[in-house]
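In: predicted coordinates and the sequence they were generated for:
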Amino acid sequence: MPKGLATFYQLAIDCHDAAKLVEFWQPLLGYEVPAPPAPFDTWRDWYLSVGVPEGEIDGDGTDRLVPADGQGVAIWFQPVPETKGVKNRLHLDLRASQGRAVSREQRRREIEPVVARVQAAGGSLIRWTEEPEADHVYAVLADPEGNEFCVN
């Protein structure tokens, strides 16, 4: 029994093109696409079996990622009809640097290749933020559908 009222099951991220976001996030996080539930060969087959209309399933239905090492939170890219309209109220914070064990300048150098990889994969840099008084540096980025996240 969980200590709280519920157990954190997965993070759902609204999107239009789940397969595109799986392709974007998978190498960034080192996650993997889980196999569909047995005995189904594809997620599309599984979705059809539970009554999702065929017209609502893109491609083979791949729409989720799980941590390759079993540590962390599963992510489901949930197709929705509306477009992102405002800043996220919740976002992912990713660590690409050694943190405060090294200088702010070194952390920025460690973050820069991740920013370049995100941009090459179709994401965008929103801004760099450096706060000398707090000894903090991070990049605010967006995935191809505008979902924001930070890399520090």
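Out: Great, that's in hand.

In: could you pull out the helices in this protein for me?
Out: In the chain, the helices defined using DSSP state H lie at 18-29, 43-49, 104-120.

In: so where's the chain uncertain?
Out: By pLDDT under 70, the weakly predicted segments of the chain are 1-2.

In: could you list the domains of it?
Out: Domains of the chain are assigned by automatic domain parsing as 10-79, 92-151.

In: okay, these in a markdown table with distance to Val86 and mean neighbour count next?
Out: (C-beta placed from N, C-alpha, C; glycine too.) Output for the domains of the chain, formatted as a markdown table (distance: least, Cβ to Cβ, whole Å; neighbours: other Cβ atoms under 10 Å):
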| stretch | distance to Val86 | mean neighbour count |
| --- | --- | --- |
| domain 10-79 | 12 | 15 |
| domain 92-151 | 10 | 15 |
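
In: now distance to Glu130 too, for the helices of the chain, in JSON lines please.
Out: JSON lines is the format used below for those (distance: least, Cβ to Cβ, whole Å):
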{"stretch": "helix 18-29", "distance to Glu130": "22"}
{"stretch": "helix 43-49", "distance to Glu130": "42"}
{"stretch": "helix 104-120", "distance to Glu130": "7"}
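
In: nearest to Gln71, out of the ones you listed?
Out: helix 18-29 (11.4 Å; Cβ to Cβ).
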